[in-house]
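**Student:** this is a predicted model, with the sequence first.
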Amino acid sequence: MSAHRPCRVCGAHLGRSLVDLGLSPLANAYVPAERASRGETFHPLHAFVCDACYLVQLEAFETPEAIFSDYAYFSGFSAGWLAHAEAYVAAMQARFGLGPESKVVEVASNDGYLLQYVVARGIPALGVEPAANVAVAARARGVPTEVAFFGAETARRLHAAGHAADLMAANNVLAHVPDLHDFVEGFAILLKSEGVATFEFPHLLRMIEQRQFDTIYHEHFSYLSLGVVIGVLRQHGLRVFDVEEWPTHGGSLRVFACREGAAHAPTEALERLVLTEWAARLFEPTGYAGFGRAVADIKCAALRFLIAEREAGRTVCAYGAAAKGNTFLNYCGIGPELVRAVADRSPHKQGMLLPGSRIPVVAPEALLALRPDCVLILPWNLRDEIAGEMAAIRAWGGRFVTAIPHLAEF
């Protein structure tokens with residue numbers, strides 16, 4: 001670690017540790033089987049709290065270009081997330097009167113999972129997606145997609161090309177941006193005078209309360225509270241006027257923002273949540289005390305369980321080759337000796353090895369063929385959806401387990 005770690009929002013020195021998760025590879029850097037004998041690059045995975053502005057953040061070891069230009073994550077493989085996206089589009093059209101004369105721009109639009117529903121409603125749409133391989137899937141869905149990293153320069157170019165937006169969506173991307181100021185400035189440039197931008201991101205308050213340490217990985221540069229987001233947007237002439245709480249990703253916020261002079265009135269929900277964050281002490285050091293110890297307790301409990309299963313001769317597999325699972329497995333030091341395989345619906349991950357742990361990724365059908373005694377669900381936020389899909393394992397007495405916020409069999 002460098003001697004001086006400046007906060008990416010305010011520049012203050014980062015000296016307060018939230019949790020040190022050791023060394024970890026990039027969470028989405030899956031290893032092809034033919035490269036199994038080659039090494040991987042591991043970086044420190046250490047989250048810090050800024051004592052000046054209270055942004056929780058990682059030091060950047062890789063550039064966004066290295067992480068996201070060819071990406072293994074495709075949003076369209078989760079039925080629950082697709083339903084969430086479709087409901088969002090319906091709600092935004094109803095609330096803001098979107099129609100054929102409107103323009104919707106999604107930043108980090110991935111495989112067109114959300115904008116496909118905008119296009120289906122006859123509303124002009126444009127996706128901005130840095131991963132060229134993922135953009136191909138979006139275009140196949142009929143979603144016009146620009147391959148680019150979003151920021152002030154890209155926004156100016158799109159504005160000049162006639163893409164000023166009535167609605168801009170940014171789902172689970174704000175945390176992935178090392179230069180928050182350049183990114184947010186892009187919204188200030190591309191939004192129309194009465195346009196609305198929505199930002200969805202996992203809520204720092206829920207991460208702290210539920211000990212969701214596995215949401216920490218190198219692709220997530222920042223861990224966000226409402227208060228921090230309000231402050232960052234304000235610096236670029238944008239005003240938060242509403243917020244919604246959602247259960248997605250273990251507890252997320254959807255923040256609504258507009259230009260400072262726009263007519264959108266602030267809501268009571270916004271005031272309530274600001275007060276909730278202050279009551280939780282997210283803007284003083286005591287709000288972060290004890291998190292690291294609680295995380296270590298989760299690690300110990302998981303290892304005790306897995307070792308006991310192995311010693312009893314039972315087979316454990318996992319489900320969900322998600323980034324959060326890779327943080328969990330690498331921090332705990334879990335490999336194929338404790339978890340035989342991990343199933344995932346994405347064909348882009350099947351046949352690969354998980355980064356660091358080198359656990360093989362298989363199709364769900366292949367996992368069922370292994371007849372595991374226990375399935376560890378790594379994306380715990382999708383536990384009910386996954387348990388429903390894999391219900392066949394109960395036929396031979398198989399169980400499901402999650403490890404966060406504490407070990408639980410169901």
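**Tutor:** Thanks, I have the structure now. If you're wondering where the values come from, they're calculated on a predicted model, not measured in any experiment.

**Student:** CA only for contacts and neighbour counts going forward, please
**Tutor:** OK.

**Student:** any stretches of the stretch 51-200 of the chain with poor pLDDT?
**Tutor:** Within the stretch 51-200 of the chain, the ranges that satisfy pLDDT under 70 run 64-77.

**Student:** let me see the mean pLDDT of the lengthiest helix in the chain.
**Tutor:** Secondary structure of the chain per DSSP state H: the longest helix is helix 291-311. Helix 291-311 shows an average pLDDT of 98 in the prediction.

**Student:** flag every buried residue along that helix.
**Tutor:** Neighbour-count burial for helix 291-311 flags 291-292, 294-296, 298-299, 302, 306, 309 (criterion: 16 or more other Cα atoms under 10 Å).

**Student:** next SSE after that helix?
**Tutor:** strand 316-319 (DSSP states H and E).

**Student:** what is the orientation angle of the helix or strand following that following strand with helix 291-311?
**Tutor:** If you walk from strand 316-319 toward the C-terminus, the next helix or strand you reach (DSSP H and E) is helix 323-332. For helix 323-332 against helix 291-311, the angle between stretch directions is 80 degrees (axes from the mean of the first three to the mean of the last three Cα atoms, to 10 degrees).

**Student:** list the helices and strands helix 323-332 packs on?
**Tutor:** strand 16-24, helix 291-311 (3 or more Cα pairs under 8 Å, 6 or more residues apart in numbering; DSSP states H and E).

**Student:** want to try a markdown table for these, with distance to Pro347 as columns?
**Tutor:** Shown next, in a markdown table, are the helices and strands packed on helix 323-332 (distance: least, Cα to Cα, whole Å):
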| stretch | distance to Pro347 |
| --- | --- |
| strand 16-24 | 24 |
| helix 291-311 | 27 |
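
**Student:** of all those, which one is nearest Ala161?
**Tutor:** Each of the helices and strands packed on helix 323-332 has some distance to Ala161 by Cα to Cα; the shortest is strand 16-24, at 41.2 Å.

**Student:** partners of the next helix or strand along the chain from that closest one, with directions?
**Tutor:** Using DSSP H and E, the next helix or strand after strand 16-24 towards the C-terminus is strand 31-32. Here strand 31-32 is paired, per DSSP bridges, with strand 352-353 (antiparallel).

**Student:** beyond the strand it pairs with, next helix or strand please.
**Tutor:** Downstream of strand 352-353 (by DSSP H and E), the next one is strand 361-362.

**Student:** and that following strand, what does it pack onto?
**Tutor:** Strand 361-362 sits against strand 342-343, strand 352-353, with contacts defined as 3+ Cα pairs under 8 Å, 6+ apart.

**Student:** which of those is buried the deepest?
**Tutor:** Stretch with highest mean neighbour count among the helices and strands packed on strand 361-362: strand 342-343 (a mean of 26; mean count of other Cα atoms under 10 Å).

**Student:** closest to the centroid, which residue in the protein?
**Tutor:** Central residue of the chain (Cα atoms, centre = their mean): Asn172, 5.0 Å from the mean position.

**Student:** and of the buried residues of helix 291-311, the nearest to Ala318?
**Tutor:** Nearest to Ala318 among those, with distances taken as Cα to Cα, is Leu306, at 11.5 Å.

**Student:** closest to Ala321 out of the helices and strands packed on helix 323-332?
**Tutor:** Closest approach to Ala321 among the helices and strands packed on helix 323-332 (Cα to Cα): strand 16-24, 15.5 Å.

**Student:** and that closest one, which strands flank it?
**Tutor:** strand 43-49 (antiparallel).

**Student:** heading C-terminal from the partner strand, find the next helix or strand.
**Tutor:** Taking DSSP H and E, what comes next after strand 43-49 is strand 56-58.

**Student:** show me what that following strand is packed up against.
**Tutor:** Taking 3+ Cα pairs under 8 Å, 6+ apart as the contact cut, strand 56-58 packs with strand 43-49, strand 222-223.

**Student:** point out the most buried one among those strands.
**Tutor:** Of the helices and strands packed on strand 56-58, the one with the most neighbours on average (mean count of other Cα under 10 Å) is strand 222-223, at a mean of 26.

**Student:** that one - which strands sit beside it in the sheet, and in what orientation?
**Tutor:** Applying DSSP bridges to the sheet, strand 222-223 is found paired with strand 56-58 (antiparallel).

**Student:** show me the contact partners of the strand it pairs with.
**Tutor:** With contact meaning Cα atoms under 8 Å, 6 or more residues apart in numbering, strand 56-58 is reached by 7, 18, 45-50, 218, 220-224.

**Student:** much appreciated, bye for now.
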